[in-house]
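Engineer: what's the 3D shape of this:
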Amino acid sequence: MAPFFGQDVTDGVRIVSVPVIQNPDFYKELKAQGVPTPLDFTVMSGIMSIVRSGWR
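Structural biologist: Reported below is the predicted structural model:
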């Protein structure tokens with residue numbers, strides 16, 4: 001990732017590998033209320049989340 005991001009960013013990178021990305025627990029409540037699931041994570045091959053503390 002170094003060619004694309006500075007060291008200040010890559011130093012905080014965390015990569016996790018899991019066999020299946022689980023849906024959040026509250027999806028069961030949505031289903032029980034008849035609310036369609038907004039996004040099914042179980043069919044995804046990956047997900048990226050960017051959280052930067054102290055963003056200005």
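Engineer: mind checking how far the longest helix that the chain contains is from the chain centre?
Structural biologist: Longest helix in the chain, counting residues (DSSP state H): helix 27-32. Taking the mean of its C-alpha atoms, helix 27-32 sits 20 Å from the chain's own mean (Cα atoms, centre = their mean, to the nearest Å).
Engineer: quick check: buried residues in it?
Structural biologist: Residues of helix 27-32 classed as buried: Tyr27 (neighbour count, 16 or more other Cβ atoms under 10 Å). Backbone N, C-alpha and C define where each C-beta goes, glycine included.
Engineer: the bottom helix or strand of the chain by mean pLDDT?
Structural biologist: Within the chain, no helix or strand scores below helix 7-10, which has a mean of 82 by mean pLDDT, DSSP states H and E.
Engineer: just the C-alphas of the longest helix of the chain, formatted as PDB.
Structural biologist: Coordinates of each C-alpha in helix 27-32 appear next as PDB, following Å, rounded to 0.1, in the frame of the first residue of the first chain:
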ATOM      1  CA  TYR A  27     -30.500  -7.700  11.200                       C
ATOM      2  CA  LYS A  28     -32.500 -10.400  13.000                       C
ATOM      3  CA  GLU A  29     -34.600  -7.600  14.600                       C
ATOM      4  CA  LEU A  30     -35.100  -6.000  11.200                       C
ATOM      5  CA  LYS A  31     -36.200  -9.300   9.700                       C
ATOM      6  CA  ALA A  32     -38.700  -9.900  12.600                       C
END
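Engineer: what is the burial count for Thr37?
Structural biologist: 13 (other Cβ atoms under 10 Å).
Engineer: that one and Glu29, how far apart?
Structural biologist: Using Cβ to Cβ, to the nearest Å, we find Thr37 at a distance of 11 Å from Glu29.
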